[in-house]
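Q: coordinates only, no sequence provided:
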Ligand code: NAD
Ligand code: MLT
């Protein structure tokens, strides 16, 4: 609930620290009842942000800016942090709570884009599309090295069956895959309704041909897929991570690929980002994108609209939609 309030006529400094869709922040720009001062200043180092944040009331970020305790404590007027996206793991929630700062995210706006990206990555992985593309661009007509596997009749294990996991399952079923799903909140009834097999992580490891993770990064999900889990998997399993770096232990994934246990991995996210010289990127079996799951015009507009509307709602009503 709201712990700090402001009257509608006060100047409200809204600081946008990561690139956000200009169409998405249109609600803020056209707002006339509130006295909003919108500052867009992206790509700052933590020190630069700290030096500029003392009078800021609202901080808006995507995933690049790490909203640390230091930043929160330097922002003496801060009342609200808006995250234009799902994961709030780049925000120190403990520090925010201690200082009575509300954190809002945009949980629905990029679901579709993230699910579509996951399916694109799985298909690219199965058919070696990035590797074949590179080979052809380098002047080789090599049809032997890139024989892939079909998705049809293969089993996809979905670990984390929330918004994105469910959308991935719908699409995988369209590819005529069998879908197994694990989520602590998944009921037998819901699984039946969605046409997936409610499973444990261990069952997924034992039976799936493709495994995709869609949990948040939490203490319980960090290293959820690790050496022990890889040992339980089928030889030739393929792994997809379009959720968060760290859910899959990167060293253990590297070893499992080198040992031949894992046939390939498609990664959109890494423990440390940017991840331009990561050892996983040296493996030909790994395909990767630089955290592009939510990078569509539609998703970026949608998440920015959602957080913008939340800021306006907060200042007008004292409540927010997704605290
Ligand atoms: P969501 O909250 O709708 O779903 C997450 C699900 O994970 C929930 O159903 C929850 O019950 C489940 N879960 C929690 N702990 C678990 C555990 N220990 N084991 C298994 N499941 C567990 O979130 P979402 O919108 O589906 O997004 C999932 C994650 O994807 C986000 O947290 C974010 O980190 C990531 N994401 C990445 C991109 C990208 O650009 N690559 C885009 C959007 C979201
Ligand atoms: C998210 O959690 O929403 C994603 O990481 C997308 C992003 O904001 O980059």
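A: Okay, I see it. Quantities reported herein were computed from a predicted structural model and do not represent experimental measurements. Ligands and ions are numbered 1, 2, ... in the order given.
Q: separation between the residue of the stretch 201-323 of the chain found nearest ligand 1 and residue 100?
A: Per Cβ to the nearest ligand atom, residue 293 is where the stretch 201-323 of the chain lies closest to ligand 1, at 2.5 Å. Yep, even glycine has a C-beta here, placed from its N, CA and C like the rest. From residue 293 across to residue 100, the span is 32 Å (Cβ to Cβ, to the nearest Å).
Q: which ones are touching residue 173?
A: If a contact means Cβ atoms under 8 Å, 6 or more residues apart in numbering, then residue 173 has 179, 195, 196 as its contacts.
Q: make JSON lines from the residues you listed and add neighbour count to it.
A: Formatted as JSON lines, the contacts of residue 173 follow (neighbours: other Cβ atoms under 10 Å):
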{"residue": "179", "neighbour count": "27"}
{"residue": "195", "neighbour count": "11"}
{"residue": "196", "neighbour count": "25"}
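Q: need those residues in a markdown table with pLDDT, secondary structure and distance to residue 316, can you?
A: Formatted as a markdown table, these follow (pLDDT from 0 to 100; DSSP: H, G, I helix; E, B strand; the rest coil; distance: Cβ to Cβ, whole Å):
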| residue | pLDDT | secondary structure | distance to residue 316 |
| --- | --- | --- | --- |
| 179 | 99 | strand | 43 |
| 195 | 98 | coil | 43 |
| 196 | 98 | coil | 41 |
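Q: what ranges do the strands span in the stretch 1-150 of the chain?
A: 11-16, 35-40, 58-61, 80-83, 102-105 (DSSP state E, counting those that start in this stretch).
Q: remind me, longest helix of this protein?
A: When the chain is parsed with DSSP state H, its longest helix is helix 297-317.
Q: so what touches that helix?
A: Contacts of helix 297-317 (Cβ under 8 Å, 6+ apart): 2, 6, 8, 12, 14, 20-21, 23-28, 31, 33-34, 58, 60, 79-80, 82-85, 102, 104-106, 108-110, 112-114, 294, 319-322.
Q: ok, now with 6 Å
A: If you take Cβ atoms under 6 Å, 6 or more residues apart in numbering as the criterion, helix 297-317 is touched by 20-21, 23-25, 27-28, 31, 34, 58, 80, 82, 84-85, 104, 106, 109-110, 113, 320-321.
Q: still on that earlier bit, which of the contacts of residue 173 lies closest to ligand 1?
A: residue 196 (13.1 Å).
Q: so who does the closest one touch?
A: So residue 196 contacts 169, 179, 181 (Cβ under 6 Å, 6+ apart).
Q: what does the stretch 1-150 of the chain have sitting close to ligand 2?
A: 62, 63, 85, 86, 87, 110 (Cβ under 6 Å from any ligand atom).
Q: among these, which are within reach of ligand 1?
A: Okay, of these touching ligand 1 (Cβ under 6 Å from any ligand atom), that's 86, 87, 110.
Q: tally of neighbours for the closest residue to ligand 2 within the chain?
A: Checking the chain residue by residue against ligand 2 with Cβ to the nearest ligand atom singles out residue 85 as nearest, at 2.6 Å. Residues lying near residue 85 (other Cβ atoms under 10 Å) number 25.
Q: ok, now which ones touch it?
A: 62, 294, 303.
Q: so where is the stretch 201-323 of the chain shaky, pLDDT-wise?
A: Applying pLDDT under 70 to the stretch 201-323 of the chain flags no residue at all.
Q: quick one on the thing from earlier: quick one: which of the contacts of residue 85 is nearest residue 215?
A: residue 294 (16.3 Å; Cβ to Cβ).
Q: what's the local residue count around the spatially closest residue to that closest one that is not a sequence neighbour?
A: Counting by Cβ to Cβ, 6 or more residues apart in numbering, residue 110 is the residue found nearest to residue 294 once chain neighbours are left out, at 3.7 Å. Close neighbours of residue 110, defined as other Cβ under 10 Å, add up to 25.
Q: kindly state the pLDDT recorded for the residue nearest to residue 176 when sequence neighbours are not counted?
A: In space, and not counting its chain neighbours, residue 176 is closest to residue 152: 4.5 Å by Cβ to Cβ, 6+ apart. On the pLDDT scale, residue 152 is placed at 98.
Q: in a strand, that's where residue 152 is, yeah?
A: No: Residue 152: not assigned to a strand; according to DSSP: H, G, I helix; E, B strand; the rest coil it is coil.
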